[in-house]
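# Quick check, what structure comes out for this input:
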Amino acid sequence: MQFKKHKPSKAYEHLIAYFWTITSSEGDDATALYRFVPDAYVDWVFHSGKLWQCDFPNVEINAKTSRFHVFGQIKKYINLTLPSNGLDVFGVKFYPWVASKIWNIDMHYLTDSCLDLSDLEAPRIKALQDQIYSAQDTTTKIAHVERYLSAFVTYSDHKSLKHIFSSLTIDVNHLKTLNVGIGMRRLEQRFKNEIGISPKLFLRTCRINAAIEKMKVKSNQSLTQLALEHHYYDQSHFIKDFIQFTGCNPSQFLKSINPNGDILNLRVG
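Model prediction:
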């Protein structure tokens, strides 16, 4: 299994965090189970080869995986069953504050969902899917996506939630006391419509990801120190939150981290 990141062109850096690819070939391990942990971004996913199986835990209706789909915000981990060979996935990782503008949709409709891209009813999306499917290399796929998004090159995030993010901290314990220039009810409504989840859950997602990144580079740091550094009450609070988002405790997570990248955070089977 091979995971790679690809930078967008400079003109699209305000829309796209990065492009990514995952491939498998003969000689890889047998069908394996990986886990995707919430990261607060939004992903387009294009399959040119075999499909993965996507299972949302504790959701009444598990989303069916289509060849071209989109992940909105997810509230906890997703298990992905990957084929042993023939996997060829191309993805686009969008910043969370731009997706609602691109699709002109309230993002809470996509929360905890793996939706077929065609269901978004976005203009020219079918043509884009055909172009990605027939493209022979990643560079061409990136060019197709950027061309599709050309109308948004001049998009200004001046009034977007991005600027509210900068005034928030990952200390969710004091969210209601922060002065962000708008009322809490209005802030919660904007998050629901533009991001898909509440500001508190969004900040919790950012906080757990910040802790995970720190664990990757400093795996010997004590959990108590890590918890306090990331504004948890104590170690037990951190572990409880960690298990809710990842499905395993920090020790299990460190043993299972996928060394090839961060889209599929860890292998669990």
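
# got the contact list for the residue nearest in space to the middle of the chain?
Closest to where the C-alpha atoms of the chain average out (CA atoms, centre = their mean) is Y41, at 3.9 Å. Listed by CB atoms under 8 Å, 6 or more residues apart in numbering, the contact set of Y41 reads A17, K93, F94, Y95, P96. C-betas here are computed from N, CA, C, even on glycine.

# Now render these as a markdown table, adding pLDDT.
Supplementary listing: the contacts of Y41 in a markdown table, determined by pLDDT from 0 to 100:
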| residue | pLDDT |
| --- | --- |
| A17 | 93 |
| K93 | 94 |
| F94 | 94 |
| Y95 | 92 |
| P96 | 91 |
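
# any idea how far stretch 80-87 is from the chain center?
Once both centres are worked out by CA atoms, centre = their mean, to the nearest Å, stretch 80-87 turns out to sit 19 Å from its chain's centre.

# Can you give me the buried ones in it?
By neighbour count, with 16 or more other CB atoms under 10 Å as the criterion, the buried positions of stretch 80-87 are L80, L82, P83, S84, N85, L87.

# Looking at the contacts of Y41, which are in strands?
The members of those that map onto strands under DSSP state E are A17, K93, F94.

# Wait, K126 touches D116, no?
No: K126 lies out of contact with D116 (CB atoms under 8 Å); the separation is 11.0 Å.

# Those two: who's more crowded?
For K126 against D116, the residue with the higher neighbour count under other CB atoms under 10 Å is D116, and the figures read 16 against 12.

# Now do whichever strand or helix holds L128: which elements does it pack against?
For L128, the element it lies in under DSSP states H and E is helix 125-134. If contacts are counted by 3 or more CB pairs under 8 Å, 6 or more residues apart in numbering; DSSP states H and E, helix 125-134 sits against strand 42-47, strand 68-71, helix 138-148.

# now the angle from the longest one to helix 125-134?
For the pair helix 138-148 and helix 125-134, the angle between their directions (axes from the mean of the first three to the mean of the last three CA atoms, to 10 degrees) equals 170 degrees.
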